[in-house]
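> Sequence first, then the predicted structure:
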Amino acid sequence: MSRVSPADDGVPVGRRHLPSAAQRRRAAYRRRQTTRSVLVAATSTAVLGTLLVVAVTGAPGWDRVRRSFLDPTIALDALPEVLVGLWLNVRLLVCCAVGALLLGLLIALLRTLRGPVFFPVRALAAGYTYTFRGLPLIIVLYVLTLGVPGLRLQGMPPVLVLGGLALVLTYGGYLAEVFRAGIESVHPSQLAAARSLGLTYRQTMRHVVLPQAVRRVAPPLLNDVVALQKDVGLVSLAGPIDAVRAAQIATAQSFNYTPYIVAGVLFVLLAIPLIAVTDWVTLRAARRQSGG
Amino acid sequence: MAVLTCQGVRKEFGGRVVLDGLDLTVDEHQVVALIGASGSGKSTLLRCVNLLEELDDGTITLDGEEISDPRVDPDRVRRRIGMVFQSYNLFPHLSVLENVTLAPRRVHRRARADAEAQARELLARVGLADRADAYPDRLSGGQQQRVAIVRALANSPRLMLLDEVTSALDPELVGEVLAMIRDLKADGMTMVLATHEMGFAREVADQVCFLDAGRVVEAGPPARVFGEPTQPRTRQFLRRIIEAGRL
């Protein structure tokens, strides 16, 4: 049988290619253009930066704002408390992200089930996504952390767990829709191919549809996790002290807003690795698609 | 004994009749070519046989068992039938080897080493041994389609359904896929192939069926159907094919 492998052929390596005069002119022109763009970008950044600094520091109220928002002594004093609070954010984020991802995947899978037997399951799953995507997180938090303990049932979990549950329920609704979009983006011909091999519906989902779906929606999933990172702090409404709440307490003690800035900076620092991972995954997905 | 029989098979899509009481019999080791214009029902028939579509009437039997009976487990039927699609439909997230071993491992519960040994042997036989660890997007169309055929063969099917398997290929890649089908015929595989390659149908088929408006209008050995068609619609179809330079 003839062997054809166009993926491998092309110009043989080893023979040196000498660019023509036209190509050298083009290359030189492109280099000049690049130099010019870099110079323009650097100049405009410097000008804009200077203008901003001058505008802010030259403002009539700048000294007062600096004292109440950017006081280094107060920042240092507040840092330990805020860091303790931030540790709570981190722990909650990890638990809630895992919980919400699992719940979202489960709900998305339930919504794809076909057949009359599964109607109640489908309806429940759809009802869940509609309810929790529509319901403000704060209301879910209040109901679960203040309302549910009020029932005074035996073995009531601590308020932190209930708050985490509120986050999982709310974000599970968003993530379920992202997963569902991924599952539906896998072409029906892939299902036909899998089923024609004798794979059952479950095997088809597990080995063919989900691996492709999850890869495709990884960037939006991570994006929701970044959003969750900011919202986990809302459990402090029910008592537990997170970074923002710790900053609020410190602010109330010193009559100075600097602790909020400290907490804000820490949040951004915490988000950077996660956002970097998201960007990297997005880029990889885009490359893979254009390469395929 | 007949491997496959279709009797009065009917399929509608939203009121449009695609298969209109179609009859077809395929004997063991026989290669049946389905020819006919686009929309004549060739692909739909293959999808019905593989239970990817539900029948609106008629019966289909495989080795004497009525598989169109709703009580029949379709997964069990599909294990005995290999299907190859026009658009290859390889799984892009799996390597060639994983594509081929998926069904043997998950459906037939064979050990990984066992399934991989069988897959490598099948791939070697069609000259793709060195591509076993490549991903589908690194293969040419012809290579992808040959992998798709190997993937179907790994299930050791009773019957192979080939749905216009060369239609998406560049002309210079068609030959390698047709050569593989020729080898399958030499091995005695029972096959039904929907095709636009009239020359190939004439060469490889034991029986040619001309489909028009969801029915088999004319059937017989290729020499007769292509040489002296009796039905006016067959003649008209073949004349158009010859005018287009495809025969």
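Thanks, I have it.
> Count the residues that sit near residue B:146.
Neighbour count for residue B:146, taken as other CB atoms under 10 Å in any protein chain shown: 27. Where C-beta positions appear, they are placed from N, C-alpha and C, glycine not excepted.
> Contacts only, for the closest residue to it other than its chain neighbours.
Closest residue to residue B:146 apart from its sequence neighbours, by CB to CB, 6 or more residues apart in numbering or on different chains: residue B:126 at 5.2 Å. Going by CB atoms under 8 Å, 6 or more residues apart in numbering or on different chains, residue B:126 touches A:1, B:146, B:149, B:150, B:180, B:183.
> With residue A:37 instead?
Per CB under 8 Å, 6+ apart, neighbours of residue A:37: none.
> Please compute how far the helix ranked longest in chain B lies from its chain's middle.
Counting residues, the longest helix found in chain B (DSSP state H) is helix B:171-186. Relative to its chain's centre, helix B:171-186 lies at 13 Å (CA atoms, centre = their mean, to the nearest Å).
> Would you mind listing the buried residues in it?
In terms of neighbour count (16 or more other CB atoms under 10 Å in any protein chain shown), helix B:171-186 has its buried residues at B:173, B:174, B:175, B:176, B:177, B:178, B:180, B:181, B:184, B:185.
> helix, strand or coil for residue B:217?
Here residue B:217 is strand, with the state taken from DSSP: H, G, I helix; E, B strand; the rest coil.
> State whether it and residue B:211 are indeed in contact, as I suppose.
Yes. Assessed by CB atoms under 8 Å, residue B:217 is found in contact with residue B:211 at 6.9 Å.
> Strands of chain B, start to end?
Counting by DSSP state E, chain B has strands at residues B:2-13, B:16-27, B:31-35, B:57-62, B:65-66, B:81-84, B:159-163, B:190-194, B:207-212, B:215-220.
> Name the residues that touch the third one?
When you say that, I think you mean strand B:31-35. Applying CB under 8 Å, 6+ apart, the external contacts of strand B:31-35 come out as B:24, B:26, B:42, B:45-46, B:185, B:189-196, B:198, B:201, B:204-211, B:222, B:237.
> In ChimeraX, how would I select just the buried ones from those?
The ChimeraX command for the buried members of those (criterion: 16+ other CB under 10 Å) is given here:
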select /B:24,26,42,45,46,185,189,190,191,192,193,194,195,196,198,201,204,205,207,208,209,210,211,222,237
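> what's the burial count for residue B:68?
20.
> Which pLDDT value belongs to the spatially closest residue to it that is not a sequence neighbour?
For residue B:68, ignoring the flanking residues on the chain, the nearest one in space by CB to CB, 6+ apart is residue B:60 at 4.5 Å. Per-residue confidence at residue B:60 stands at 96 (pLDDT).
> Run through the residues that contact residue B:135.
Per CB under 8 Å, 6+ apart, neighbours of residue B:135: B:92, B:94, B:95, B:96.
> Save those as a markdown table, and put in neighbour count and distance to chain A too.
Below are the contacts of residue B:135 laid out as a markdown table (neighbours: other CB atoms under 10 Å in any protein chain shown; distance: CB to the nearest CB, whole Å):
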| residue | neighbour count | distance to chain A |
| --- | --- | --- |
| B:92 | 17 | 6 |
| B:94 | 18 | 8 |
| B:95 | 17 | 13 |
| B:96 | 26 | 12 |
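> Filter those residues down to just the ones in helices.
Reading helices off the contacts of residue B:135 with DSSP H, I get residue B:96.
> Could you point out which of the contacts of residue B:135 is nearest to residue B:66?
residue B:94 (34.2 Å; CB to CB).
> In this structure residue B:200 contacts residue B:179, no?
No. Assessed by CB under 8 Å, residue B:200 is found out of contact with residue B:179, at 10.3 Å.
> Please tabulate the contacts of residue B:126 in a markdown table, including the columns pLDDT.
Formatted as a markdown table, these follow (pLDDT from 0 to 100):
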| residue | pLDDT |
| --- | --- |
| A:1 | 43 |
| B:146 | 94 |
| B:149 | 95 |
| B:150 | 96 |
| B:180 | 92 |
| B:183 | 93 |
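> which of the residues you listed lies closest to residue B:243?
Sorting those by how near they are to residue B:243, with CB to CB, puts residue B:180 at the top with 30.0 Å.
> Surely the residue nearest to residue B:68 touches residue B:49?
Yes. At 6.0 Å, residue B:60 counts as touching residue B:49 under the criterion of CB under 8 Å.
> so what's in contact with the two at the same time?
Joint contacts of residue B:60 and residue B:49 (CB under 8 Å, 6+ apart) are B:4, B:6.
> which of those two has more neighbours?
Comparing residue B:60 with residue B:49 by other CB under 10 Å, the one with more neighbours is residue B:49, at 25 against 22.
> Next one: the more buried one from chain A, what distance?
10 Å (CB to the nearest CB, to the nearest Å).
> now swap in residue B:138 and tell me
Taken as CB to the nearest CB, the span from residue B:138 to chain A is 5 Å.
> and stretch A:253-265, which residues are buried?
A:254, A:256, A:257, A:258, A:259, A:260, A:261, A:262, A:263.
> Let's see which of those end up in helices.
Per DSSP H, these map to helices at A:254, A:258, A:259, A:260, A:261, A:262, A:263.
> Out of these, the closest to residue A:53 would be?
Closest approach to residue A:53 among those (CB to CB): residue A:261, at 17.3 Å.
> which residues touch the residue nearest to that closest one when sequence neighbours are not counted?
When the adjacent residues along the chain are set aside, residue A:261 lies closest to residue A:69, with 5.7 Å between them (CB to CB, 6+ apart). When contacts are counted by CB under 8 Å, 6+ apart, residue A:69 touches A:256, A:257, A:258, A:260, A:261.
> rewinding a little: reformat the buried residues of helix B:171-186 as JSON lines; add distance to residue B:116.
Output for the buried residues of helix B:171-186, formatted as JSON lines (distance: CB to CB, whole Å):
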{"residue": "B:173", "distance to residue B:116": "27"}
{"residue": "B:174", "distance to residue B:116": "30"}
{"residue": "B:175", "distance to residue B:116": "29"}
{"residue": "B:176", "distance to residue B:116": "24"}
{"residue": "B:177", "distance to residue B:116": "24"}
{"residue": "B:178", "distance to residue B:116": "28"}
{"residue": "B:180", "distance to residue B:116": "21"}
{"residue": "B:181", "distance to residue B:116": "25"}
{"residue": "B:184", "distance to residue B:116": "22"}
{"residue": "B:185", "distance to residue B:116": "27"}
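> could you pick out which of those are near chain A?
Filtering these for proximity to chain A by CB under 8 Å from any CB of the partner chain leaves B:173, B:175, B:176, B:180.
> Does the residue most central in space within chain B have any beta-bridge partners, and if so which?
When CA atoms, centre = their mean is applied to chain B, the residue found nearest the centroid is residue B:162 (1.6 Å). Residue B:162 has these beta-bridge partners by DSSP bridges: residue B:84, residue B:193.
> show me the contacts for it.
B:83, B:84, B:149, B:181, B:191, B:192, B:193, B:194, B:195 are the contacts of residue B:162 under CB under 8 Å, 6+ apart.
> And the third one, how close does it get to residue A:141?
Translated: residue B:149. According to CB to CB, to the nearest Å, residue B:149 and residue A:141 sit 57 Å apart.
> And the lowest-mean-pLDDT helix or strand in chain A, what's buried?
Lowest on mean pLDDT, DSSP states H and E among the helices and strands of chain A sits helix A:258-291, with a mean of 82. If you call a residue buried by 16+ other CB under 10 Å, then helix A:258-291 has these buried ones: A:258, A:259, A:260, A:261, A:262, A:263, A:266, A:267, A:270, A:274, A:278, A:281.
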